[in-house]
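Asker: pasting the structure only:
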């Protein structure tokens, strides 16, 4: 089971430092990052994606899972309208009843937590070293929000993205 985390910070610099910490945890084998993205909210309340990384995925739609989820969560055109629609459809099919409410609650919480001038690190990841990850990322403070994402949900979203793009992204 993967988790979709949002670590919300008062500024972009802290989110970028947390991103570096997460990548260090990944390099050391404590965290498996499937995808990640940093999002910001400007003084006018506009949310933007500041790039994405995808150390595990490869192909033309690499990053489309978190990029698409980020776009879907915050209504951003980060993955394009077609990919966003595909991801929205996959979420609608894959997350029934309580799980759908969990995702909606996650979106609402992150949206409310992200203040103008702030930023969030969004991670789709897995770990067996929970204490180490909490210790290292905890140094940056922030507000943690999360929701579970099953392997089946990730595969369904990826399949939808692959259909839209006409490619197949396979894990490296």
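Answerer: Thanks, I have it. Everything quoted here is computed from the prediction, not taken from an experiment.
Asker: need the three-state assignment for residue 45.
Answerer: Assigned with DSSP: H, G, I helix; E, B strand; the rest coil, residue 45 falls in the coil class.
Asker: with adjacent residues omitted, what lies nearest to it?
Answerer: Excluding its sequence neighbours, the residue lying closest to residue 45 (C-beta to C-beta, 6 or more residues apart in numbering) is residue 116, at 5.9 Å. Every residue, glycine included, has its C-beta placed from N, CA and C.
Asker: isn't that neighbour right up against residue 40?
Answerer: No. Applying C-beta atoms under 8 Å as the test, residue 116 and residue 40 come out as separate, 9.5 Å apart.
Asker: of those two, which one has the most company?
Answerer: For the pair residue 116 and residue 40, the greater number of neighbours falls to residue 40 (20 against 11), based on other C-beta atoms under 10 Å.
Asker: look up how far residue 136 lies from that one.
Answerer: Relative to residue 136, residue 40 is positioned 22 Å away (criterion: C-beta to C-beta, to the nearest Å).
Asker: for residue 112, same thing?
Answerer: Noted for residue 112: a distance of 26 Å to residue 136, by C-beta to C-beta.
Asker: grab the longest strand from this protein for me.
Answerer: Ranked by number of residues, the top strand in the chain under DSSP state E is strand 32-41.
Asker: which helices and strands sit right next to that one?
Answerer: Of the remaining helices and strands, those touching strand 32-41 by 3 or more C-beta pairs under 8 Å, 6 or more residues apart in numbering; DSSP states H and E are helix 12-27, strand 47-53, helix 64-74, strand 119-126.
Asker: which stretch in those has the least confidence?
Answerer: Across the helices and strands packed on strand 32-41, the stretch with the lowest average pLDDT is helix 64-74; it has a mean of 55.
Asker: ok, then the element right after the worst-scoring helix or strand of the chain on mean pLDDT?
Answerer: Lowest on mean pLDDT, DSSP states H and E among the helices and strands of the chain sits helix 80-94, with a mean of 48. Following the chain from helix 80-94 toward its C-terminal end, the next helix or strand by DSSP states H and E is helix 97-113.
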